[in-house]
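Colleague: Just a sequence and a predicted model for now, questions to come.
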Amino acid sequence: MIKHVVLFKLKPFETESAKSAKMDQIRMALLNLKNIISEIDTMEVGINANPKEAFDIVLISTHRSWADLAVYDQHPVHVNVKKIIKEVLDSRSAADFEF
């Protein structure tokens, strides 16, 4: 099994409500991938509640194999979600590991 962990830090927004709305849109789009891409075993997406931390959103997904992770990564619907994120992305950090 592979665990895929990604942290997203978004660019500054004009208002907190605009940032919150965009984070909700991203969260729902990522969570919906589980309904579309069969190579995703589990998908969790959380919005950071600790203002002392730098990242805004965390994604944790599990996959049966490295091949399944690769299919997920290149899936057209996932690619479209990545485009939405890149529009407002400041930085990203990720790690993948076997468990």
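Modeller: That came in fine, so what should we check first?

Colleague: Show me where this protein has its strands.
Modeller: With DSSP state E as the criterion, the chain has strands at 2-10, 42-47, 57-63, 89-98.

Colleague: most tightly surrounded among these?
Modeller: Across those, averaging neighbours per residue (mean count of other CB atoms under 10 Å) puts strand 57-63 on top, at a mean of 19. Heads up, the C-betas are built off the backbone N, CA and C, glycines and all.

Colleague: Paired strands for that strand, with orientation please.
Modeller: strand 2-10 (antiparallel), strand 42-47 (antiparallel) (DSSP bridges).

Colleague: Include distance to residue 71 when you put the strands of the chain into JSON lines, please.
Modeller: Output for the strands of the chain, formatted as JSON lines (distance: least, CB to CB, whole Å):
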{"stretch": "strand 2-10", "distance to residue 71": "12"}
{"stretch": "strand 42-47", "distance to residue 71": "14"}
{"stretch": "strand 57-63", "distance to residue 71": "8"}
{"stretch": "strand 89-98", "distance to residue 71": "14"}
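
Colleague: In a markdown table: the ones you listed, plus distance to residue 75 and mean pLDDT.
Modeller: Below are these laid out as a markdown table (distance: least, CB to CB, whole Å; pLDDT from 0 to 100):
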| stretch | distance to residue 75 | mean pLDDT |
| --- | --- | --- |
| strand 2-10 | 13 | 98 |
| strand 42-47 | 13 | 98 |
| strand 57-63 | 12 | 98 |
| strand 89-98 | 16 | 98 |
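
Colleague: In contact with residue 55, which residues?
Modeller: Applying CB atoms under 8 Å, 6 or more residues apart in numbering, we find residue 55 in contact with 7-9, 48, 93.

Colleague: cutoff 7 Å now
Modeller: 7-9, 48 (CB atoms under 7 Å, 6 or more residues apart in numbering).

Colleague: How about residue 60?
Modeller: Neighbours of residue 60 in contact, by CB under 7 Å, 6+ apart: 3, 5, 44.

Colleague: gap between residue 14 and residue 63?
Modeller: For residue 14, the distance to residue 63 (CB to CB, to the nearest Å) stands at 37 Å.
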